[in-house]
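> give me coordinates for this.
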Amino acid sequence: MPDKTIVCKDCGEEFVFTEGEQEFYKEKGFENDPVRCAKCRKARKQERNRQ
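Residues are numbered from 1 along each chain as shown. You can find the predicted model right below:
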């Protein structure tokens, strides 16, 4: 599995979904690639935890 370059749906920045991350997602049973970069995922998680 080669690394994938994905555009974040929140900020529009490109980020790399590495081969190791892809293997981790597969092991966890996740079927979809991430749609947000790590920074936006972290911000979104913090926002959810404030509620």
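> what residues of the host helix or strand of E23 count as buried?
According to DSSP states H and E, E23 maps onto helix 19-28. Using 16 or more other Cβ atoms under 10 Å as the test for burial, helix 19-28 gives 21-22. Every residue, glycine included, has its C-beta placed from N, CA and C.
> then stretch 38-49?
Within stretch 38-49, the residues that count as buried by 16+ other Cβ under 10 Å are C40.
> can you give me how far the helix holding E23 is from the chain middle?
When distances are taken as Cα atoms, centre = their mean, to the nearest Å, helix 19-28 is centred 11 Å away from the chain's centroid.
> in contact with the most centrally placed residue in the chain, which residues?
Centroid-nearest residue in the chain: P34, 3.5 Å away (criterion: Cα atoms, centre = their mean). Neighbouring residues of P34 by Cβ atoms under 8 Å, 6 or more residues apart in numbering: 6, 17, 21, 25, 41.
> distance check, the nearest residue to E23 once chain neighbours are set aside against K39.
Nearest non-adjacent residue to E23, counting by Cβ to Cβ, 6 or more residues apart in numbering: M1, 7.2 Å away. M1 is 24 Å from K39, where distance means Cβ to Cβ, to the nearest Å.
> which parts of the chain are helices?
Assigned by DSSP state H, the helices in the chain fall at 19-28, 38-50.
> V7 reaches E13, doesn't it?
Yes - with contact defined as Cβ atoms under 8 Å, V7 reaches E13; the gap is 7.3 Å.
> relative to R50, how far out is K39?
Separation of K39 from R50 (Cβ to Cβ) stands at 17 Å.
> repeat for Y25
Remark: distance between Y25 and R50 (Cβ to Cβ) = 26 Å.
> now swap in G12 and tell me
For G12, the distance to R50 equals 24 Å [Cβ to Cβ].
> show the contacting residues for R36.
Neighbours of R36 in contact, by Cβ under 8 Å, 6+ apart: 8-10, 44.
> any chance of JSON lines for those, columns pLDDT and distance to G29?
JSON lines is the format used below for the contacts of R36 (pLDDT from 0 to 100; distance: Cβ to Cβ, whole Å):
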{"residue": "C8", "pLDDT": "98", "distance to G29": "23"}
{"residue": "K9", "pLDDT": "98", "distance to G29": "22"}
{"residue": "D10", "pLDDT": "98", "distance to G29": "24"}
{"residue": "R44", "pLDDT": "96", "distance to G29": "21"}
